[in-house]
Structure formats: C-alpha cells, structure tokens
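J.: Model the structure of this input:
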Amino acid sequence: MTALLQIGAVSKHFGGFTALDQVSIDVARGERFGLLGPTASGKTPPRTSSHGPPIHDDGRIRLAGREHTNRPPTTSTSRPCSSTA
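T.: As a prediction, this is how the structure comes out:
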C-alpha cells in the first residue's frame, strides 16, 4: 500500500546548523501521526513542508501520490493535512 504522505530524506539547514538530516516519514491513509519533541527540536520543517510552502533544503515530499517537492505556495490551500501549534 502506498503511503498517503511520504517525506523522503528531507534536510533543513540554518547557516551552519543542521535542523533536519535526511528525515523520512511515511503516513498511511487513515493513520494518525504526531511529531513530539522539545522546543527547537526540528518538528516544524517537515510539518510545514508537507502541507504549506516548502521550506526544506533537500529531499522529496509526495502527498496522495503527487509530487509536492517544489510546488508554489499557492497550490497548498486545499491539501488534506492539518496541524496544531
């Protein structure tokens, strides 16, 4: 079964600091998935890149079988993902 959300080898760097290093996550349709961690632990880049404007430096993101790695921010308004602060 193909995952609904596939985050593959996503990396995010802030200057010389690596916030995410090759993070991969697959979430199946109907599955509930959460990212937990302390402040500044790197939860926001994969979450935001999966359903908002892409903010990651490297890696790939697929949502419902569609490539979303380099899409413009205007295409992210009707995606089936949500998040809470």
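
J.: quick one: the strands in this protein?
T.: Here the chain has its strands, by DSSP state E, at 5-14, 17-27, 58-63, 66-67.

J.: got those as CSV, with distance to residue 38, mean pLDDT and mean neighbour count columns?
T.: Where C-beta positions appear, they are placed from N, C-alpha and C, glycine not excepted. Listed next are the strands of the chain as CSV, based on distance: least, CB to CB, whole Å; pLDDT from 0 to 100; neighbours: other CB atoms under 10 Å:
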stretch, distance to residue 38, mean pLDDT, mean neighbour count
strand 5-14, 17, 88, 18
strand 17-27, 13, 89, 15
strand 58-63, 23, 87, 18
strand 66-67, 32, 84, 10
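
J.: How many neighbouring residues does residue 36 have?
T.: Around residue 36 there are 6 other residues, counting by other CB atoms under 10 Å.

J.: quick revisit: in a markdown table, list the strands of the chain along with distance to residue 37.
T.: Formatted as a markdown table, the strands of the chain follow (distance: least, CB to CB, whole Å):
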| stretch | distance to residue 37 |
| --- | --- |
| strand 5-14 | 14 |
| strand 17-27 | 11 |
| strand 58-63 | 19 |
| strand 66-67 | 27 |
